[in-house]
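A.B. asks: no FASTA, just this:
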Ligand SMILES: Cc1ncc(CN)c(N)n1
């Protein structure tokens, strides 16, 4: 693998392609296919994901604090307040009530994912924080955008809706744009650190879907 992106390759695309084959395994994962056709067992997955989203929300707060521009703080803060704290929060409560979800102990992959998010949150290093946020959102846009039709039940359908469409595409475009803006200014060691976090997050996404599949 090359030590950095070429002149024509945006930093985010370099990170993504260097995270294969896990990246493609996430966006084409059988569990994601089961969300599309309505057969995925969402209870265990959402019980675990509710715990993921708690740390993810803290990480968004860290991005607001660590960002190097006012515009970025506003964009992340808006997403945090509108999408995560409002739409997604309401979804979790309705979906877990429908499925009879409980407060389950965290699975090993949930513990590891939360530990990675805590690690980059505590680093207060904006590019590292962006790396985890970008993997989490871009992989989800990847599988959710593969929808051919939408399943009838709200639990599956709204989970796809939350991770696809023009607003979510713009959010992922923002995260990628931030990495593309900051990547060229990093030295080799800085790029390697971002890539390491990006790859670890991609592997954890794959393992999270593996766990959900049972
Ligand atoms: C594990 C995981 N990764 C990503 C997302 C999308 N925010 C999520 N809800 N859960």
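C.D. replies: Yes, it's here. Since the structure is predicted, the reported quantities are computational estimates derived from the model, not experimental observations.
A.B. asks: Provide a list of residues in contact with the residue of the chain at minimum distance from the ligand.
C.D. replies: Using C-beta to the nearest ligand atom, residue 136 is the residue of the chain that sits closest to the ligand, at 3.7 Å. C-beta here means a position set from N, CA and C on the backbone, and glycine is covered the same way. Listed by C-beta atoms under 8 Å, 6 or more residues apart in numbering, the contact set of residue 136 reads 56, 201, 205.
A.B. asks: which of the residues you listed has the most neighbours?
C.D. replies: residue 205 (26 neighbours; other C-beta atoms under 10 Å).
A.B. asks: I figured it was touching residue 137, is that so?
C.D. replies: No - if you go by C-beta atoms under 8 Å, residue 205 and residue 137 don't touch, sitting 10.6 Å apart.
A.B. asks: Tell me the residues of the protein that contact the ligand?
C.D. replies: 49, 52, 53, 136, 137, 140, 205, 208 (C-beta under 6 Å from any ligand atom).
A.B. asks: got a winner among those for most neighbours?
C.D. replies: Within the residues of the chain next to the ligand, most neighbours by other C-beta under 10 Å means residue 205, with 26 neighbours.
A.B. asks: And the residue nearest the centre of the chain, how far from residue 4?
C.D. replies: By C-alpha atoms, centre = their mean, the chain has its centre lying nearest to residue 136, at 1.1 Å. Here residue 136 is placed at a distance of 24 Å from residue 4 (C-beta to C-beta, to the nearest Å).
A.B. asks: rewinding a little: state the next helix or strand along the chain beyond the helix or strand containing the residue nearest to the centre of the chain.
C.D. replies: Assigned by DSSP states H and E, residue 136 falls within helix 126-144. Counting by DSSP H and E, the next helix or strand C-terminal to helix 126-144 is helix 154-162.
A.B. asks: Now the element after that following helix, going C-ward?
C.D. replies: Remark: after helix 154-162, the chain's next helix or strand is helix 166-182, criterion DSSP H and E.
A.B. asks: Report the buried residues of that next one.
C.D. replies: 168, 171, 172, 174, 175, 176, 177, 178, 179, 180, 181, 182 (16 or more other C-beta atoms under 10 Å).
A.B. asks: so what does it touch, helix or strand wise?
C.D. replies: Applying 3 or more C-beta pairs under 8 Å, 6 or more residues apart in numbering; DSSP states H and E, one finds that helix 166-182 contacts helix 11-17, helix 70-79, helix 126-144.
A.B. asks: Where does residue 101 sit, in terms of helix or strand?
C.D. replies: Using DSSP H and E, no helix or strand contains residue 101.
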